[in-house]
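**Q** curious how this folds, go ahead:
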Amino acid sequence: MTKCISILGSTGSIGTQTLEVVDHLGIQVAVLAARRSVDLIEQQARKYLPRFVVLYEEEAAARLRSRLSDLDIPVLSGMEGLLAAATAEEADTVLTAIVGVVCLEPTLAAIRRGKKIALANKETLVSAGELVMDAAAEHGAEIVPVDSEHSAIFQCLQTCRDEREIKRVILTCSGGTFFGKKKEEIYHATRVQALKNPNWSMGDKVTLDSATLMNKGLEVIEAMRLYRLPVSQVSVVIHRESVVHSMVEYCDGAVLAQLAVPDMRVQIQYAMTHPHRLPSPVKTLNFTEYGALTFSEPDREAFPCLGIAMEAAKTGGTACAALNGANEAAVGLFLQDRIVFGEIAEYVDRALQRVPVKALPGLEEVLQADADARAAVGEAYQQRA
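**A** Residues are numbered from 1 along each chain as shown. Below is the predicted model:
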């Protein structure tokens with residue numbers, strides 16, 4: 001059971017819901033960290049009085065220092081600040097919810113201190129999953145996933161006595177904003193149209209990744225790393241109701257599924273209390289309110305990002321780091337209204353063709369592949385412009 005926590009990404013959707021769980025469970029907050037949200041983290045700092053706070057962007061950190069000058073709460077910035085947050089002595093648990101590969105080094109630092117990782121940053125395992133899992137094994141650090149799908153798999157595997165019993169894991173997917181649309185209908189979709197998830201309240205990056213199905217492709221890679229499975233044992237099914245959060249099929253044909261209302265506080269609380277369960281303020285699942293639960297195959301022609309991610313998973317090495325970097329760069333262009341929806345997949349695919357793949361990479365090679373892929377997207381955009 002978590003007693004004291006550092007929250008990396010305290011101002012985002014997962015971070016703010018984590019603080020609701022912290023209030024419910026009476027957990028102490030050691031450190032709060034975010035990227036740039038001065039107003040919200042100031043409110044959080046005044047409420048929780050952490051030992052220090054971190055804003056990754058220095059300009060935002062400077063403004064926060066001025067605002068918190070009446071309190072004895074230091075404000076750190078940059079990667080140095082995130083590393084300090086991840087290794088704070090008081091915290092037994094580190095929630096990693098800052099979006100992007102920027103969370104990779106702090107996660108590794110926390111693992112080397114043997115801390116429990118409540119993992120809500122999928123880019124960490126996508127880019128460097130083997131490094132992260134090997135480090136966790138070496139330092140005895142527990143990794144408990146917070147993503148609804150991976151939390152579901154994690155819970156379904158609690159009764160598994162032998163990994164050879166696992167036939168496959170089945171990731172469910174809401175289908176995103178454009179479920180049922182054909183490629184030509186959504187190719188020119190805009191940011192406003194794309195940022196409408198049917199079930200989940202998430203930040204712009206994750207909501208958009210859900211719309212392209214890249215989010216599910218990243219989760220396939222994440223599942224491979226977390227559970228040491230080949231991509232052939234990870235599948236995806238569209239489930240619009242988001243009640244079945246994911247499933248595990250065993251070799252004897254039995255399928256275990258984890259079900260709950262689509263409320264991330266369920267998964268966040270389980271990460272805090274594992275291996276125990278405590279009462280939650282979340283609404284109880286009422287099956288009669290749904291009437292039916294539906295499942296269908298994803299449309300890979302309309303949503304090519306899923307197939308691109310699956311191919312990167314098969315390639316391995318630095319291909320997954322390049323995939324993540326290219327996707328973040330392309331998503332950035334889309335969110336700035338510089339490209340249309342259908343071009344996201346095209347920019348990612350083009351970048352992957354340009355960045356060489358290195359097998360068995362170290363941290364520097366992972367970060368270089370990420371940077372090279374971002375640069376390839378930027379160069380392709382400049383050439384078009």
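**Q** alpha carbons only for contacts and neighbour counts from here, please
**A** Noted.
**Q** which parts of the strand or helix carrying Glu59 are buried?
**A** Here Glu59 is covered by helix 58-67, with elements defined by DSSP states H and E. Under the neighbour-count criterion of 16 or more other CA atoms under 10 Å, helix 58-67 has Glu58, Ala60, Ala61, Leu64, Arg65 buried.
**Q** all the helices of the stretch 251-385 of the chain, residue numbers only.
**A** Along the stretch 251-385 of the chain, the stretches classed as helices by DSSP state H, counting those that start in this stretch are 265-273, 287-290, 305-315, 319-335, 341-354, 363-384.
**Q** and the last one, what other elements does it pack with?
**A** Same thing as helix 363-384. The elements that helix 363-384 packs onto, with contact taken as 3 or more CA pairs under 8 Å, 6 or more residues apart in numbering; DSSP states H and E, are helix 122-139, helix 319-335, helix 341-354.
**Q** can we see that at 6 Å?
**A** For helix 363-384, the elements it packs on are helix 319-335, helix 341-354, judged by 3 or more CA pairs under 6 Å, 6 or more residues apart in numbering; DSSP states H and E.
**Q** quick check, Ile5 in a strand?
**A** Yes - using DSSP: H, G, I helix; E, B strand; the rest coil, the assignment for Ile5 is a strand.
**Q** can you pull the contacts of it?
**A** Ile5 makes contact with Val29, Ala30, Ala91, Thr93, Val94 under the criterion CA atoms under 6 Å, 6 or more residues apart in numbering.
**Q** how near is it to Arg265?
**A** Ile5 is 16 Å from Arg265, where distance means CA to CA, to the nearest Å.
**Q** Leu119 too?
**A** Distance, Leu119 to Arg265, using CA to CA: 14 Å.
**Q** one more: Thr288?
**A** 22 Å.
**Q** one more: Val331?
**A** Applying CA to CA, the value for Val331 to Arg265 is 27 Å.
**Q** of these two, which one has the most company?
**A** Taking other CA atoms under 10 Å, Val331 and Arg265 do not tie; Val331 has more neighbours (28 against 22).
**Q** confidence score at the nearest residue to that one once chain neighbours are set aside?
**A** Nearest residue to Val331, sequence neighbours excluded (CA to CA, 6 or more residues apart in numbering): Ile344, at 6.6 Å. According to the prediction, Ile344 has pLDDT 98.
**Q** now for Ile344, how many residues are close by?
**A** 26.
**Q** any idea how far it is from Asn215?
**A** Taking CA to CA, one finds Ile344 at 13 Å from Asn215.
**Q** repeat that for Ala292.
**A** Separation of Ala292 from Asn215 (CA to CA): 25 Å.
**Q** if we can go back for a sec, for the contacts of Ile5, which one is nearest Ile14?
**A** Nearest to Ile14 among these, counting by CA to CA, is Val94 at 13.0 Å.
**Q** for that closest one, give me its contacts.
**A** So Val94 contacts Ile5, Ser6, Ile117 (CA under 6 Å, 6+ apart).
**Q** that one: what secondary structure?
**A** Per three-state DSSP, the secondary structure class of Val94 is strand.
**Q** would you mind measuring from Phe334 to Glu241?
**A** 27 Å.
**Q** for Gly176, that is, sorry about that
**A** 11 Å.
**Q** higher neighbour count, the two?
**A** Set side by side, Gly176 and Glu241 show more neighbours around Gly176, with 24 against 20, by other CA under 10 Å.
**Q** the more buried one touches Ala211, doesn't it?
**A** Yes - the pair Gly176 and Ala211 qualifies as a contact (CA atoms under 6 Å) at a distance of 4.3 Å.
**Q** which one of Ala292 and Asn215 has more residues nearby?
**A** Legend: neighbour count by other CA under 10 Å for Ala292 and Asn215, higher for Asn215 (21 against 8).
**Q** which SS state does that one fall under?
**A** Here Asn215 is helix, with the state taken from three-state DSSP.
**Q** let me know the helix or strand that the closest residue to Ala136 other than its chain neighbours is in.
**A** Leaving aside its sequence neighbours, Ala136 sits nearest to Ile111 (CA to CA, 6+ apart; 5.8 Å). Secondary structure assignment for Ile111, by DSSP H and E: helix 104-112.
**Q** return the helix or strand in the protein with minimum mean pLDDT.
**A** The helix or strand of the chain with the poorest confidence is helix 191-194; it has a mean of 88 (mean pLDDT, DSSP states H and E).
**Q** just after it, pick out the following helix or strand.
**A** Downstream of helix 191-194, the first helix or strand assigned by DSSP H and E is helix 204-212.
**Q** give me the contacts around that following helix.
**A** If you take CA under 6 Å, 6+ apart as the criterion, helix 204-212 is touched by Gly176, Thr177, Leu195, Asn215, Phe303.
**Q** I'd like those residues as a markdown table, with pLDDT and distance to Met247 appended.
**A** Shown next, in a markdown table, are these (pLDDT from 0 to 100; distance: CA to CA, whole Å):
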| residue | pLDDT | distance to Met247 |
| --- | --- | --- |
| Gly176 | 89 | 19 |
| Thr177 | 91 | 23 |
| Leu195 | 87 | 27 |
| Asn215 | 93 | 17 |
| Phe303 | 97 | 23 |
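**Q** ok, of the residues you listed, which one's closest to Thr124?
**A** Ranked by distance to Thr124 (CA to CA), the contacts of helix 204-212 are led by Asn215 at 13.5 Å.
**Q** any idea how far the closest one is from Ala97?
**A** Taking CA to CA as the measure, Asn215 falls 15 Å from Ala97.
**Q** likewise Leu335?
**A** Taking CA to CA, one finds Leu335 at 20 Å from Ala97.
**Q** of those two, which one has the most company?
**A** Set side by side, Leu335 and Ala97 show more neighbours around Ala97, with 26 against 20, by other CA under 10 Å.
**Q** report the next helix or strand after the helix holding Ile111 in sequence order.
**A** From helix 104-112 onward toward the C-terminus, using DSSP H and E, the following helix or strand is strand 116-119.
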